[in-house]
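K.L.:
Could you look at this predicted model? Sequence included:
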Amino acid sequence: MSVQTDYKLRARSRPKHPNTWVFFEGEFARYHDVHIGPMTHALHYGTGCFEGIRAYWNDAREQLLLLQAPAHYERLHDSARILRMELPYSTEELVEITIELLRRNEFKTDAYVRPLVFKSVEQIGVQLHGLADSFLIYASPMGKYVETEGGIRCKVSSWRRLPDCAVPARAKVTGSYINSALAKSEALESGFDEAIVLTEGGHVSEGSAENLFLLKNGVFVTPPVTDDILEGITRGS
């Protein structure tokens, strides 16, 4: 499969996870030196938003190819605004920070980049406004999310997709992924590989962590945004 890439990064080796570089509160630091308090708001209430950006290692070029980072960071800006959070960097700055992070980690394998904006105040109480935010990016070696060689077995979940009028589906909100986790565990424990989640009205919405497509008469069709989906970057391609 041909994948268009936006940025090319040279890498040499794979570090041990505890010593990997992360970007936290405006600085590069080692993973094991970053500490988040037990009372952190996002830990208790799911008040954060994130992105999942893939980087693919190319043996022939000896390069790490970062996939559509600007589009991911634009969506992260949108998610943060919905949750009344401020992302303190432009899209261009975030891409440059990510490139530097991957350079420092020197991965020589496929990797996953996770930027996260979250309510970092340490206090009890449910709200979004008036609370301090924090921002981090970490990266980790990661292969395929789901092993797809030979196809996968899917189960229509008994759990329904959270409606957009309850939790905004267009935002990649940390707390909303309990919905995905329930569906995924149900599928795995039933002997399947993945869940297909329906809307409250019974329409196909999405998988636990991916958009769904059907090939019909030579054309790909996919659920509309009105069916409570997260508008995937790959879906848009």
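P.N.:
Received the coordinates, thanks. Not measured: the values here are computed from a predicted model.

K.L.:
Name the helix or strand of this protein that has the lowest mean pLDDT.
P.N.:
Across the helices and strands of the chain, the lowest-confidence element by mean pLDDT, DSSP states H and E is strand 7-10, at a mean of 51.

K.L.:
Tell me who's in contact with the residue nearest the centre of the chain.
P.N.:
The residue lying closest to the centre of the chain (Cα atoms, centre = their mean) is Gly52, at 2.8 Å. Taking Cβ atoms under 8 Å, 6 or more residues apart in numbering, we find Gly52 in contact with His72, Tyr112, Val113, Arg114. C-beta: built from backbone N, CA, C; applies to glycine.

K.L.:
Can you tell me the element the first one falls in?
P.N.:
According to DSSP states H and E, His72 maps onto helix 69-82.

K.L.:
Quick one: the helices in the chain, in order.
P.N.:
Using DSSP state H, the helices of the chain run over 41-45, 69-82, 91-105, 177-189, 233-236.

K.L.:
The shortest one - contacts with which helices or strands?
P.N.:
Right, the one you point to is helix 233-236. helix 69-82 (3 or more Cβ pairs under 8 Å, 6 or more residues apart in numbering; DSSP states H and E).

K.L.:
what's the average pLDDT for stretch 114-125?
P.N.:
When pLDDT is averaged along stretch 114-125, the result is 97.

K.L.:
what does that stretch rub up against?
P.N.:
So stretch 114-125 is contacted by 36-37, 39-42, 44-45, 47-53, 72-73, 76, 79-80, 83, 85, 87, 94, 98, 128, 131-140, 174 (Cβ under 8 Å, 6+ apart).

K.L.:
Could I get the full set of strands for this protein?
P.N.:
All strands of the chain, identified by DSSP state E, fall at 7-10, 21-24, 27-30, 48-50, 53-58, 63-66, 111-119, 133-141, 154-160, 194-198, 204-207, 214-216, 219-221.

K.L.:
quick one, which of those is nearest to Val167?
P.N.:
Set against Val167 and scored by Cβ to Cβ, these come closest in strand 48-50, at 11.4 Å.

K.L.:
List the contacts of that closest one.
P.N.:
With Cβ under 8 Å, 6+ apart as the criterion, strand 48-50 contacts 42, 76, 79-80, 82-83, 85, 114-119, 171-175.

K.L.:
among those, which ones are buried?
P.N.:
Taking 16 or more other Cβ atoms under 10 Å as the criterion, what is buried in the contacts of strand 48-50 is 42, 76, 79-80, 83, 85, 115-119, 171-175.

K.L.:
What pLDDT does the model give Ala29?
P.N.:
97.

K.L.:
Now do the contacts for it.
P.N.:
Ala29 touches Trp21, Val22, Phe23, counting by Cβ under 8 Å, 6+ apart.

K.L.:
doesn't His35 make contact with the second one?
P.N.:
No - under the contact definition of Cβ atoms under 8 Å, Val22 does not touch His35, with a separation of 11.6 Å.
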